[in-house]
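Q: Here is my input, please return the structure:
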Amino acid sequence: MPIGNALVGGVLRSPLHRIMSGSLMLLTYQGPRTGKEYTFPVGYARYGERELVVLAGRPEGKTWWTNVRGLLPVRVRLAGKDLRGEARLVKGDEAVPRLAAYLERIPRAVRAFGFETGPDGKVPSDALAGFAARVPVVSITLQG
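A: Presented below is the predicted three-dimensional model:
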């Protein structure tokens with residue numbers, strides 16, 4: 001695990017998690033072929049009561065999201081709690097409102113992903129649809 005991920009992971013596992021857990025969580029899954037467990041920090045936004053949205057930004061440099069085929073059992077460390085869920089890739093029209101929620105919750109992502117906002121301060125839905133076609137959008141439904 002890169003040193004930055006290890007540092008962030010340590011904070012998210014500690015009582016100091018509050019300084020980061022508003023927009024970061026730890027995601028853990030088991031590799032389908034290797035059986036190896038992988039844990040790393042990701043940015044997230046809530047979507048509804050039991051769903052989290054995670055973007056695989058710069059997907060060409062990351063491979064974790066390629067393991068999300070169908071439903072992938074995952075664990076998350078969210079706001080100091082360990083929770084179980086199922087991850088799945090969302091595409092097209094299903095991805096657009098989730099992207100909008102993510103960008104609303106994490107406004108710095110608007111600039112980071114190079115979006116232009118409309119007069120209402122929001123990213124137009126056609127721009128979101130084009131983005132969703134290029135960047136994997138992962139939905140995690142929490143159990144319980």
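
Q: how about the helices in this structure?
A: 3-13, 92-105, 108-112, 125-134 (DSSP state H).

Q: Give me whichever of those is most buried.
A: Sort the helices of the chain by mean neighbour count, taking mean count of other C-beta atoms under 10 Å, and helix 92-105 sits at the top with a mean of 18. (Each C-beta comes from the backbone N, C-alpha and C, glycine too.)

Q: Touching that helix from outside, list them.
A: With contact meaning C-beta atoms under 8 Å, 6 or more residues apart in numbering, helix 92-105 is reached by 23, 43-47, 51, 53, 55, 90, 109-110, 113, 115, 122-123, 125, 128-129, 131-133, 137, 139.

Q: picking that back up, looking at the helices of the chain, which one has the lowest mean pLDDT?
A: Here the helices of the chain differ in mean pLDDT, and the lowest is helix 3-13 at a mean of 72.

Q: and that helix, what other elements does it pack with?
A: When contacts are defined as 3 or more C-beta pairs under 8 Å, 6 or more residues apart in numbering; DSSP states H and E, helix 3-13 packs onto strand 24-30, strand 37-43.

Q: Same list (the ones you listed) but as TSV, adding mean neighbour count and mean pLDDT.
A: Formatted as TSV, the helices and strands packed on helix 3-13 follow (neighbours: other C-beta atoms under 10 Å; pLDDT from 0 to 100):
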stretch	mean neighbour count	mean pLDDT
strand 24-30	19	93
strand 37-43	16	91
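
Q: and of the ones you listed, who's closest to V68?
A: Among those, the nearest to V68 by C-beta to C-beta is strand 24-30 (8.2 Å).

Q: tell me which residues in stretch 47-59 are buried?
A: 47, 51-56 (16 or more other C-beta atoms under 10 Å).

Q: Including distance to G144, could the residues you listed go into JSON lines?
A: Shown next, in JSON lines, are those (distance: C-beta to C-beta, whole Å):
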{"residue": "Y47", "distance to G144": "17"}
{"residue": "E51", "distance to G144": "13"}
{"residue": "L52", "distance to G144": "14"}
{"residue": "V53", "distance to G144": "19"}
{"residue": "V54", "distance to G144": "19"}
{"residue": "L55", "distance to G144": "25"}
{"residue": "A56", "distance to G144": "26"}
